[in-house]
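Student: The following comprises the amino acid sequence and a computationally predicted model.
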Amino acid sequence: MGSEIRDAVASYVGFQLSELEAGMSLIAAADQEAVHSARLALRRLRSVMSCYQPLLPDVPRGLRDGIRSLARALGEARDAYVLAQRFTLWLDAYADWLSGAALHQAVAELVASSNTMAATVGRDARNDDLLAAARAALLPLPSTKPQPGPEDATRLLQQQWRKVQERLGAAMSTKVNTEEHHELLHAARKDVKGLRYAAEAVAEALGPRAAAIVQPAMALQRILGEHHDSVAGLAWLAGLTPTINPADVEQLRAMESRRLGEAQAGLHRLLRDAPIPAPVDVLSPHVPLADAPAPAV
């Protein structure tokens, strides 16, 4: 079983690197689906590097920093595009805009900015060297280290789960709709992704019990993503130029605020009714899955 855990992690890492290597030429052409796929691959790669660090070779600090910088650059490009698509839907959902042309132009500028950022990343030859260095540093996994077993994977997942609980606890204890509250929930979203992708990486080796972690993590990730998108949308509205009619801005703000309220209510329901169970509970072979406790946040 130890070799199965190691092989699962190695396969997962190798696949993400292949996704990144194959996507760079498309990103250079500002292919937004390629940007999305690469950003996702980087998140999965970084999640495994963080959660399973004891199982991986030592990665130089400079290489970690380079991967983080690439993720940040692609994230900024993707965020701008997602924001543009979100407001395109808002504009299409309401007919009586007083400054419709100016609003559409503002959204078009978001798309253009996203495309420019993506193309800049994709054309940077240093990223090819970065990914080659990552492959050389991470693969193959060292066979000289003790073979990890299911209990090792469970222990590491449990550590990541605790990060999620602590971050969510801190967020829920702050005043709603404050900058601190939004920042903590955004950080919690990253932590939840880390848990989900780390669990997915070894799910085949751990068996169907891993789904008890992955499925609620996916649901929580989605609702936290909706919360973040609404916060980002409201921030963008606050920075619109005076060429946009104030009534239009207020209409958009009301639409976005309603979505934010729905996300906040959904988050409370999810944490109450379907929290992510502790890995040590659901992954233990001695605990029947149906009887495994699901601790509340």
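Tutor: That came in fine, so what should we check first?

Student: from here on, contacts and neighbour counts on C-alpha atoms
Tutor: Will do.

Student: Spell out which residues make up each domain of the protein.
Tutor: Taking automatic domain parsing as the domain assignment, the ranges for the chain are 1-147, 149-297.

Student: can the ones you listed go into TSV with extra columns for mean neighbour count and mean pLDDT?
Tutor: Output for those, formatted as TSV (neighbours: other CA atoms under 10 Å; pLDDT from 0 to 100):
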stretch	mean neighbour count	mean pLDDT
domain 1-147	17	95
domain 149-297	18	92
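
Student: Tell me how far the residue of the chain most remote from its centre lies from residue 53.
Tutor: Going by CA atoms, centre = their mean, the residue of the chain most distant from its centre is residue 98, 36.1 Å out. Residue 98 sits 54 Å away from residue 53, going by CA to CA, to the nearest Å.

Student: Would you state the helices of the chain in chain order?
Tutor: 2-28, 32-51, 61-92, 100-122, 126-138, 150-172, 179-201, 203-206, 211-238, 246-273, 279-282 (DSSP state H).

Student: Show me the one of these that comes nearest residue 144.
Tutor: helix 2-28 (11.8 Å; CA to CA).

Student: and that closest one, what other elements does it pack with?
Tutor: helix 32-51, helix 100-122, helix 126-138, helix 150-172, helix 179-201, helix 203-206 (3 or more CA pairs under 8 Å, 6 or more residues apart in numbering; DSSP states H and E).

Student: Summarise which helices and strands the third one is packed against.
Tutor: On a contact count with 3+ CA pairs under 8 Å, 6+ apart, helix 126-138 meets helix 2-28, helix 61-92.

Student: same deal with the fifth one?
Tutor: Secondary-structure packing of helix 179-201 (3+ CA pairs under 8 Å, 6+ apart): helix 2-28, helix 32-51, helix 150-172, helix 211-238.

Student: So for residue 111, which of those helices sits nearest?
Tutor: Going by CA to CA, the one of those nearest residue 111 is helix 32-51, 9.8 Å.

Student: Contacts made by that closest one with the rest, please.
Tutor: Around helix 32-51, the neighbours that count as contacts under CA atoms under 8 Å, 6 or more residues apart in numbering are 9, 12-13, 16-17, 19-20, 23-24, 26-27, 56, 67, 71, 74-75, 77-78, 81, 115, 118, 156-157, 159-160, 193-195, 197-198, 201.

Student: how about 7 Å then?
Tutor: Residues outside helix 32-51 that contact it (CA atoms under 7 Å, 6 or more residues apart in numbering) are 13, 16, 19-20, 23, 26-27, 71, 74-75, 78, 118, 156-157, 160, 194, 197-198.

Student: what does stretch 16-25 give?
Tutor: So stretch 16-25 is contacted by 34, 38, 41, 45, 122, 131, 135 (CA under 7 Å, 6+ apart).

Student: can we see that at 6 Å?
Tutor: Surrounding stretch 16-25, the residues in contact under the criterion CA atoms under 6 Å, 6 or more residues apart in numbering are 34, 38, 41, 122.

Student: Alpha carbons of it, as PDB, please.
Tutor: Output of stretch 16-25 as PDB, limited to C-alpha atoms (Å, rounded to 0.1, in the frame of the first residue of the first chain):
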ATOM      1  CA  GLN A  16      -0.300  18.400 -13.600                       C
ATOM      2  CA  LEU A  17       3.200  19.200 -15.000                       C
ATOM      3  CA  SER A  18       2.200  17.700 -18.400                       C
ATOM      4  CA  GLU A  19      -1.000  19.900 -18.400                       C
ATOM      5  CA  LEU A  20       1.100  23.000 -17.800                       C
ATOM      6  CA  GLU A  21       3.800  22.100 -20.300                       C
ATOM      7  CA  ALA A  22       1.100  21.400 -23.000                       C
ATOM      8  CA  GLY A  23      -0.800  24.600 -22.300                       C
ATOM      9  CA  MET A  24       1.800  27.300 -22.500                       C
ATOM     10  CA  SER A  25       1.600  27.800 -26.300                       C
END
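
Student: how close does residue 145 sit to residue 6?
Tutor: Applying CA to CA to residue 145 and residue 6 gives a distance of 10 Å.

Student: do residue 222 as well
Tutor: 29 Å.

Student: One more: residue 153?
Tutor: In terms of CA to CA, residue 153 sits 10 Å off from residue 6.

Student: and what of residue 104?
Tutor: In terms of CA to CA, residue 104 sits 50 Å off from residue 6.

Student: Then residue 127?
Tutor: 27 Å.

Student: now residue 23
Tutor: For residue 23 relative to residue 6 (CA to CA), the value is 26 Å.

Student: Also residue 171?
Tutor: Taken as CA to CA, the span from residue 171 to residue 6 is 35 Å.

Student: try residue 227
Tutor: 36 Å.

Student: do the same with residue 233
Tutor: Counting by CA to CA, the gap from residue 233 to residue 6 is 41 Å.
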